[in-house]
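J.: Model the structure of this input:
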Amino acid sequence: MVAPALFITAGVTLASHAGVINPGATVLPYPLFVLLGTLIWHVFAEAVEVPHLAFEGARSYLTRVFFPRESIILSQLFESLITTSVRLLLVLLLLLFTLGADWRAIGWVCLSFYGTVLLGLGIGSLLMPFTLLFVDLQNSVKLFLTYGLFLTPAMYQPPKGGLFSVLLQLNPVWPLMSAARDGAAGASLTHPLAVTVALSAAIVMTIAGFLIVRASAPIVIERMLLGGR
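T.: Numbering: from 1, shown residues only. Next comes the predicted model:
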């Protein structure tokens, strides 16, 4: 649950100390800065895959038993929430022992983590009918989730301008990373509007995604029944 993020944090921190990476001024100690960003990305990547994995896991009985199709996504989501809670607990313990975080800091970190789950679930639900029908699309999504971490400000402060700055801001997770770090440091939110938009979009996309899942389930299940994708 946390080992990949810990290894990435250790490697990036050593690279920063060696002068290979110049992260700029960070609001938190650099290892904690990287760990927060990396864990939030892992939470997002896991949540995006929840709807697809739920339907794939239910393939053996989905075509034989009738029940609300959203329920299998919710059951898979509960597993993801447990993993997220373990990661969140690690972060909160580190904050308490290193910075002595107050309730405001804990609240923003929790909101950022669970908001990221909701954002990933919404995007995954919108993509699910298509990733089940088209294997290449699912492979592309997995490729992005694997390497998309490097297109987020998980390891460095985003530059002030330029093409790379635009690419970073197109990533939907960066406002929640920023909110978690600002909250953990006890500072004011650097991008309050972006955080509000990200959380609002997460709610809207989750509702829209579940509606699409319900509408597209008969077609997807028919393809499963026929042995197609």
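
J.: what's the model's confidence in the host helix or strand of Ala215, averaged?
T.: Secondary structure from DSSP states H and E places Ala215 in helix 192-225. Helix 192-225 shows a mean pLDDT of 89 in the predicted model.

J.: Summarise which helices and strands that helix is packed against.
T.: helix 50-57, helix 59-62, helix 70-98, helix 103-133, helix 174-184 (3 or more CB pairs under 8 Å, 6 or more residues apart in numbering; DSSP states H and E). (C-beta placed from N, C-alpha, C; glycine too.)

J.: Tell me which of these sits most buried.
T.: helix 174-184 (a mean of 25; mean count of other CB atoms under 10 Å).

J.: pLDDT weak spots in the protein?
T.: 224-229 (pLDDT under 70).

J.: where's the residue nearest to the spatial centre of it relative to Ala198, distance?
T.: For the chain, the residue lying nearest the average C-alpha position, counting by CA atoms, centre = their mean, turns out to be Phe44 (1.1 Å). Distance of Phe44 to Ala198, given as CB to CB, to the nearest Å: 11 Å.

J.: about what we covered before: quick one: residues contacting the spatially closest residue to the residue nearest to the centre of the chain that is not a sequence neighbour.
T.: Nearest residue to Phe44, sequence neighbours excluded (CB to CB, 6 or more residues apart in numbering): Gly120, at 4.5 Å. Neighbour list for Gly120: Val43, Phe44, Ala45, Glu46, Ala47, Val48, Val50 [criterion: CB atoms under 8 Å, 6 or more residues apart in numbering].

J.: if you set the cut-off to 10 Å instead, what comes out?
T.: Taking CB atoms under 10 Å, 6 or more residues apart in numbering as the criterion, Gly120 is in contact with 41, 43-51, 77, 80, 84, 145, 172-173, 202, 205-206.

J.: Same question for Val2.
T.: By CB under 10 Å, 6+ apart, the residues touching Val2 are Thr9, Leu35, Thr38, Leu39, His42, Thr83, Val86, Arg87, Leu89, Leu90, Val91.

J.: can you count the residues close to the fifth one?
T.: When neighbours are counted by other CB atoms under 10 Å, His42 registers 22.

J.: Also the second one?
T.: By the criterion of other CB under 10 Å, Leu35 has 25 neighbours.

J.: Verify the contact between it and Ala5 for me.
T.: Yes: because the distance of 6.0 Å satisfies CB atoms under 10 Å, Leu35 is recorded as touching Ala5.

J.: Now the common contact residues for these two.
T.: Taking CB under 10 Å, 6+ apart as the contact criterion, the common neighbours of Leu35 and Ala5 are Arg87, Leu90, Val91, Ala154.

J.: hang on, the earlier thing: next one: the helix holding Ala215 to chain centre, how far?
T.: Relative to its chain's centre, helix 192-225 lies at 15 Å (CA atoms, centre = their mean, to the nearest Å).

J.: what about the closest residue to Ala217 other than its chain neighbours, how many residues close to it?
T.: Nearest-residue entry for Ala217: Arg69, 4.2 Å, with adjacent residues in sequence omitted and distances by CB to CB, 6+ apart. Per other CB under 10 Å, the neighbour tally for Arg69 reads 21.

J.: What distance do you get for Arg69 to Val220?
T.: With CB to CB as the criterion, Arg69 and Val220 are 9 Å apart.

J.: list the residues that contact both of the two?
T.: With contacts taken as CB under 10 Å, 6+ apart, Arg69 and Val220 have Phe55, Leu62, Val213 as neighbours in common.

J.: Nearest to Ala179, out of those: which one, please.
T.: For the shared contacts of Arg69 and Val220, the closest approach to Ala179 (CB to CB) belongs to Val213, at 28.1 Å.
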